[in-house]
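**Student:** Give me coordinates for this.
(chains A and B)
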Amino acid sequence: MFNQILFLYCAVVIIGTGLLAVRFKNPVYSVLSVLVLFFHMAGLYLLLNAEFLAAIQIIVYAGAILVLYLFVIFLVNLRQELTIERFIASRRFGTFASIGLGVCLLAVIPSFKLGAKGEYPVERIEQLTHTKAMGFELYSTYILPFEVAGLILLIAVIGGLVLARKNSEDVDNSGTDACEVKK
Amino acid sequence: MIPLSWYMILAAILFSIGTYGFLVRRNIIIMFLSIELMLNAVNLNLIAMSHYLECLRGHTFTLFIITVAAAEAAIGLGLVIVLFRNKKTVYVDHIKELKG
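**Tutor:** The predicted structure is shown next:
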């Protein structure tokens, strides 16, 4: 009973803050409401006995990724969403497509059937602790994907450095052909 | 005990919200943020299913998805910075040099 109430609370907050995040005009408010969403997502992970992933969710998503978003927003320094001429008039299409997608996804859920049970029931994970069980899986069955994940992070580091580097020759004429922001 | 379908319904709704944000908003930073919402919906689905299937595949997959999301945020926001440095805009409607 308590679990269900906790789930419903987290679900309501997640849907509410998700809607707010895509509706707010100010991007800083959007990022902050996504922050609340990520914390409640971590709460749901705790309900599902995934405490290591809940910690990762808070540390990596809320701690690192969203701070990166906030830094970029402050660097770009936007106050409000501008009303500009749209390249493609896609607002009505976007609303229609996303509602249609949601209805389709919800309609196929009742036909889902669970497959065969695996070898990690809740009692075994609780006995091993979740972090240790995940470590066993990660370093035995999924060792190659784990290495590839490290490579992806290395590429992200190099790509971020290359992209953010200022080219000394381009500094002088970087602002000349910038298109005007209509107020 | 919470039924699995509750988690799947929540994930479906969150995924639709992410799609809505990606299609409707014109600020490229908010579009990236909508992608994060969609990734979170998928993560929730994976963890819920692997909890009810009593295996750890979904958990490991979620860890990899979080890794890829971090890499994507770093590179994507680096691209936004370069875009802003060159074009002084982050609105995708301003980026139309290839329009005939």
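
**Student:** ok, so what distance separates the residue nearest the centre of chain A from residue B:6?
**Tutor:** In chain A, the residue lying closest to the centroid (C-alpha atoms, centre = their mean) is residue A:61, at 6.7 Å. Per C-beta to C-beta, to the nearest Å, residue A:61 is found 22 Å from residue B:6. Placement of C-beta: from N, CA and C, glycine included.

**Student:** And for residue A:35?
**Tutor:** Between residue A:35 and residue B:6 the computed distance is 24 Å (C-beta to C-beta).

**Student:** now residue A:8
**Tutor:** 9 Å.

**Student:** what about residue A:35 and residue B:6, which has more around it?
**Tutor:** Taking other C-beta atoms under 10 Å in any protein chain shown, residue A:35 and residue B:6 do not tie; residue A:35 has more neighbours (19 against 15).

**Student:** for the more buried one, what are its contacts?
**Tutor:** Residues near residue A:35 by C-beta atoms under 8 Å, 6 or more residues apart in numbering or on different chains: A:62, A:66.

**Student:** what's the pLDDT at it?
**Tutor:** pLDDT, residue A:35: 94.

**Student:** Can you tell me what sits against stretch A:12-28?
**Tutor:** Contact partners of stretch A:12-28, identified using C-beta under 8 Å, 6+ apart, comprise A:29-31, A:33-34, A:36-37, A:40-41, A:44, A:70, A:73, A:78-81, B:10, B:13-14, B:17-18, B:20-21, B:24-25, B:27, B:29-30, B:33-34, B:37.

**Student:** from the middle of its chain, how far away would the lowest-mean-pLDDT helix or strand in chain B be?
**Tutor:** Every helix and strand of chain B was ranked by mean pLDDT, DSSP states H and E. The lowest is helix B:57-87, at a mean of 90. Here the centre of helix B:57-87 is set off from its chain's centre by 9 Å, with C-alpha atoms, centre = their mean, to the nearest Å.

**Student:** again, but for stretch B:21-31
**Tutor:** With C-alpha atoms, centre = their mean, you get 11 Å for stretch B:21-31.

**Student:** For chain A, tell me whether it is touching it.
**Tutor:** Yes - interface with chain A: stretch B:21-31 contributes B:21-27, B:29-30 (C-beta under 8 Å from any C-beta of the partner chain).
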